[in-house]
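Engineer: following is a predicted model, sequence given first.
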Amino acid sequence: MKRVYLYSDGSSLGNPGPGGYCALLRYKDKERIVKGADPHTTNNRMELKAVIEGLKALKEPCYVEIYSDSNYVVQAINSWLDGWIKKDFKNVKNPDLWREFLKVSRPHRLKAVWVKGHAGHEENERCDTIAKQMAMKIKDEHAKADGV
């Protein structure tokens, strides 16, 4: 099973507001960036969306080490998800995305690692920059569409 590193970050300009996400996938010396945006979202949704979209980009089952500065995402993956599944996501935020996460993560073996944000972690900083760029881009696109 290939070992892949997935670095991720999400951003929201307002909470809710325009948001962006970025996942950087690394396998040996190869890298791939997966990025996107949502015109009306939250920071937690973008943090999780980055992981989901990164996992979707994998073409075969892998051992995936996920690095995120989101305690919400890391704790959920490592500790909380089993309990949330047992209670069918009752009173859990973002159940649609957590269900999608479960679906796309099924073929893989995962380990989530928390990294301190804005602390010089190279891949986290790259993902943070791209996620913010995506959020600004969609904000600007919607402002132009609204004639602002």
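Structural biologist: Received it, and whenever you're ready, just let me know what you need.

Engineer: please count neighbours and contacts with C-alpha atoms only from this point.
Structural biologist: Will do.

Engineer: show me where the chain dips below the pLDDT cut-off.
Structural biologist: 147-148 (pLDDT under 70).

Engineer: and the helices in the chain?
Structural biologist: All helices of the chain, identified by DSSP state H, fall at 43-56, 71-75, 81-86, 95-105, 122-145.

Engineer: and the residue nearest the centre of the chain?
Structural biologist: Residue closest to the mean C-alpha point of the chain, counted by C-alpha atoms, centre = their mean, is Ala50 at 2.2 Å.

Engineer: on that earlier part again, can you put the helices of the chain in TSV and add distance to Ser8?
Structural biologist: Output for the helices of the chain, formatted as TSV (distance: least, C-alpha to C-alpha, whole Å):
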stretch	distance to Ser8
helix 43-56	6
helix 71-75	10
helix 81-86	19
helix 95-105	14
helix 122-145	6
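
Engineer: any idea which of these is most buried?
Structural biologist: helix 43-56 (a mean of 24; mean count of other C-alpha atoms under 10 Å).

Engineer: could you export it as PDB, CA atoms only?
Structural biologist: The C-alpha trace of helix 43-56 is given here as PDB (Å, rounded to 0.1, in the frame of the first residue of the first chain):
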ATOM      1  CA  ASN A  43     -14.000  27.500   8.200                       C
ATOM      2  CA  ASN A  44     -14.700  24.100   9.600                       C
ATOM      3  CA  ARG A  45     -16.500  23.000   6.400                       C
ATOM      4  CA  MET A  46     -13.500  24.200   4.300                       C
ATOM      5  CA  GLU A  47     -11.000  22.400   6.600                       C
ATOM      6  CA  LEU A  48     -12.900  19.200   6.100                       C
ATOM      7  CA  LYS A  49     -13.600  19.700   2.400                       C
ATOM      8  CA  ALA A  50      -9.800  20.000   1.800                       C
ATOM      9  CA  VAL A  51      -9.300  16.500   3.300                       C
ATOM     10  CA  ILE A  52     -12.300  15.000   1.400                       C
ATOM     11  CA  GLU A  53     -11.200  16.400  -2.000                       C
ATOM     12  CA  GLY A  54      -7.600  15.300  -1.300                       C
ATOM     13  CA  LEU A  55      -8.800  11.800  -0.600                       C
ATOM     14  CA  LYS A  56     -11.000  11.800  -3.700                       C
END
